[in-house]
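Q: for reference, the sequence and a predicted model appear below.
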Amino acid sequence: MTIQLEQEVKFRLPSVDTGTSKLTALGARVETKRHFESNILYDFPDKRLAKRDEALRLRRVGDDTWLTWKGPQHGVGRIKQRRELETLLEDGDAVEGILEALGAEECFRYEKYRTSYRLHRPENAVLTLDETPIGVYMEIEAAPARITELAEKLELDMADAIGVSYPRLYERFRLETPDAPKFMVFPSNASPGL
C-alpha cells in the first residue's frame with residue numbers, strides 16, 4: 001500500500017505534441033509508455049464520500065487494478081493537495097464485487113490515455129500527458145514550490161493551473177455542453193442514454 005500526499009496541478013494543452021515537445025526540451029524521459037486507463041468512482045446512495053470530499057476509485061490498466069482512496073482537498077490556491085492511499089489488487093473483479101456487496105455504487109466513470117515522464121532525479125516530479133475525451137492535459141505532481149518551478153520551465157502560466165480532479169472538470173464541461181454523455185468516456189465506450 002502506498003500512502004502519500006497528492007500534490008498536483010493540471011494544465012490544458014492544445015495537443016499531445018505540444019506537451020511532448022515541452023517535456024523533451026526540459027529533459028524529461030518517458031517512464032511509462034502511453035496506455036489506456038479506465039477509472040470507476042464509487043460512493044454510497046447517501047453520497048457520504050462526496051459529502052466529505054473523498055473519493056474511492058478502481059483504476060484498471062491492462063490486467064492491473066488499483067484501489068485508491070483520496071481524502072478531502074486541503075490545499076490552497078491552484079495546487080490540489082489531498083491524502084491518498086493506494087494499493088495494487090490481486091483480483092480487481094473480486095474487489096469490485098465486494099464494494100457493491102457493501103452497498104457502494106458506481107457514481108462516475110472516466111477514461112484517458114496516459115504517458116508518464118520523470119526528470120533525471122526521480123524524487124523531483126512526476127509529469128504526465130493525459131489524452132481525455134475533453135482534451136489534452138499535463139499534470140505536474142510534486143511539492144508546491146517544485147510545481148511552480150517546473151511550470152515556469154515548461155512555459156506554463158500558474159494562473160492557468162487547474163487544481164481540480166477530472167470528475168470536477170467534467171462537471172464543468174457538462175454545464176457548457178449539455179448533450180455530453182453522463183461519464184467522461186471515449187465515444188466508442190459511451191452507452192446509449194448515458
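A: Yep, it's here.
Q: contacts, neighbours, all on C-alpha from now
A: OK.
Q: dump the residue contacts of Tyr113.
A: Residues in contact with Tyr113 (CA atoms under 8 Å, 6 or more residues apart in numbering) are 34-37, 130-132.
Q: hmm, 6 Å instead?
A: Counting by CA atoms under 6 Å, 6 or more residues apart in numbering, Tyr113 touches 35-36, 130-131.
Q: likewise for Val61?
A: Glu37.
Q: and it, how far from Phe183?
A: Separation of Val61 from Phe183 (CA to CA, to the nearest Å) stands at 18 Å.
Q: swap in Met138?
A: As for Met138, its distance to Phe183 is 21 Å (criterion: CA to CA).
Q: output stretch 61-69 as PDB, nothing but the C-alphas.
A: This file holds the C-alpha atoms of stretch 61-69, laid out as PDB (Å, rounded to 0.1, in the frame of the first residue of the first chain):
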ATOM      1  CA  VAL A  61      -4.700  -0.500 -16.700                       C
ATOM      2  CA  GLY A  62      -4.400  -3.700 -18.800                       C
ATOM      3  CA  ASP A  63      -4.500  -6.600 -16.400                       C
ATOM      4  CA  ASP A  64      -3.700  -4.500 -13.300                       C
ATOM      5  CA  THR A  65      -6.200  -2.900 -11.000                       C
ATOM      6  CA  TRP A  66      -5.600  -0.400  -8.200                       C
ATOM      7  CA  LEU A  67      -7.900   0.700  -5.400                       C
ATOM      8  CA  THR A  68      -7.400   4.300  -4.300                       C
ATOM      9  CA  TRP A  69      -9.000   6.400  -1.500                       C
END
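Q: now do the buried residues in it.
A: 65-69 (16 or more other CA atoms under 10 Å).
Q: likewise stretch 169-182?
A: 170, 174, 181-182.
Q: between those residues, which is nearest Ala143?
A: Tyr170 (25.5 Å; CA to CA).
Q: give me the nearest residue to that closest one, chain neighbours excluded.
A: Leaving aside its chain neighbours, Tyr170 sits nearest to Met184 (6.6 Å; criterion: CA to CA, 6 or more residues apart in numbering).
Q: tally of neighbours for that neighbour?
A: 25 (other CA atoms under 10 Å).
Q: check Ala161 too.
A: Residues lying near Ala161 (other CA under 10 Å) number 22.
Q: and what of Leu49?
A: So Leu49, with other CA under 10 Å, has 18 neighbours.
Q: that one in helix, strand or coil?
A: helix (DSSP: H, G, I helix; E, B strand; the rest coil).
Q: next, the contact list for it, please.
A: Counting by CA under 6 Å, 6+ apart, Leu49 touches Asp43.
Q: check it and give its pLDDT.
A: Confidence at Leu49, expressed as pLDDT, is 97.
Q: what of Ile79?
A: 86.
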